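1. Just to be clear, the model below is a prediction. Sequence and coordinates:
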Amino acid sequence: MRRRHHVEEEGEGELNLVPYLDMMVTLVMFLLFSFQAMIEMGMIPQNAPSYGADAGTQQQQPDQEKKLMITLIIGDTGYTLQSDDPDVLPKLDIPKKDGQYDLATLRSTLVNWKGTYTLGDSMVLTAFNTIEYQTVVDAMDAIRKDQGKDLFPNVVLAVPFGG
């Protein structure tokens, strides 16, 4: 009899974790759906540090002309440059050369465009999930400076839609 009574006392001391687990599963599902909705809504821009003497200070000069914004997309087959006004500056693909990204052509194209068109100091850089980190860093270094002069010192990193 004593033995049976001892077993019942041990059973009474257990916590009922079912309500706690139900609440945790509900919260985790809510957070997953919330984050997915935020990701689907658009790009989350991340600004890389600026180069140059005016780094950290914003120049508040009124622009008479609208400056074109260039986007560099790094894909598996090479680079793609596109502007926010395709009528003025059409999309340009720079394919890989011998299996390597063509940084020289990228830089020379941007130097040419910077001298020909009204471009600002900012550029959007985006890469697909399959692109290695070092490739993004190399592209960012190529577009920031050319022969010691600022090319596009303000780089905005963005996540591509569907990428």
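-> Yep, that arrived.

2. mind checking the longest strand of the protein?
-> Ranked by residue count and defined by DSSP state E, the top strand of the chain is strand 119-127.

3. Show the subsequent helix or strand relative to it.
-> Toward the C-terminal end, the helix or strand that comes next after strand 119-127 (DSSP states H and E) is helix 133-144.

4. Check the offset of the helix or strand following that following helix from the chain's centre.
-> Once the chain leaves helix 133-144, the next helix or strand it forms, by DSSP H and E, is strand 145-146. Between the mean C-alpha location of strand 145-146 and the chain-wide mean there is a distance of 22 Å, by Cα atoms, centre = their mean, to the nearest Å.

5. Can you list the helices and strands that strand 145-146 packs against?
-> Packing contacts for strand 145-146, counted by 3 or more Cβ pairs under 8 Å, 6 or more residues apart in numbering; DSSP states H and E, involve helix 103-116. C-beta coordinates here come from the backbone N, C-alpha and C atoms, glycine included.

6. Name the residues of the helix it packs on that come out as buried.
-> If you call a residue buried by 16 or more other Cβ atoms under 10 Å, then helix 103-116 has these buried ones: 103, 105-107, 110, 113-114.

7. For the longest helix seen in the chain, give the mean pLDDT please.
-> As far as residue count goes, and with DSSP state H defining each element, the longest helix of the chain is helix 18-41. Averaged across helix 18-41, the pLDDT comes to 82.

8. Only alpha carbons, please: show it as PDB.
-> Taking only C-alpha atoms (Å, rounded to 0.1, in the frame of the first residue of the first chain), the coordinates of helix 18-41 have been written out as PDB:
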ATOM      1  CA  VAL A  18       1.000  21.200 -23.100                       C
ATOM      2  CA  PRO A  19      -0.400  24.700 -22.700                       C
ATOM      3  CA  TYR A  20       3.100  26.200 -22.700                       C
ATOM      4  CA  LEU A  21       4.100  24.200 -25.900                       C
ATOM      5  CA  ASP A  22       0.900  25.200 -27.600                       C
ATOM      6  CA  MET A  23       1.600  28.900 -26.900                       C
ATOM      7  CA  MET A  24       5.200  28.600 -28.100                       C
ATOM      8  CA  VAL A  25       4.200  26.900 -31.400                       C
ATOM      9  CA  THR A  26       1.600  29.600 -32.000                       C
ATOM     10  CA  LEU A  27       4.200  32.400 -31.400                       C
ATOM     11  CA  VAL A  28       6.800  30.800 -33.600                       C
ATOM     12  CA  MET A  29       4.300  30.400 -36.400                       C
ATOM     13  CA  PHE A  30       3.200  34.000 -36.000                       C
ATOM     14  CA  LEU A  31       6.800  35.300 -36.100                       C
ATOM     15  CA  LEU A  32       7.600  33.200 -39.200                       C
ATOM     16  CA  PHE A  33       4.600  34.500 -41.100                       C
ATOM     17  CA  SER A  34       5.300  38.100 -40.000                       C
ATOM     18  CA  PHE A  35       8.900  38.000 -41.200                       C
ATOM     19  CA  GLN A  36       7.900  36.400 -44.500                       C
ATOM     20  CA  ALA A  37       5.400  39.200 -45.100                       C
ATOM     21  CA  MET A  38       8.100  41.800 -44.400                       C
ATOM     22  CA  ILE A  39      10.500  40.100 -46.800                       C
ATOM     23  CA  GLU A  40       7.900  39.900 -49.500                       C
ATOM     24  CA  MET A  41       7.000  43.600 -49.300                       C
END
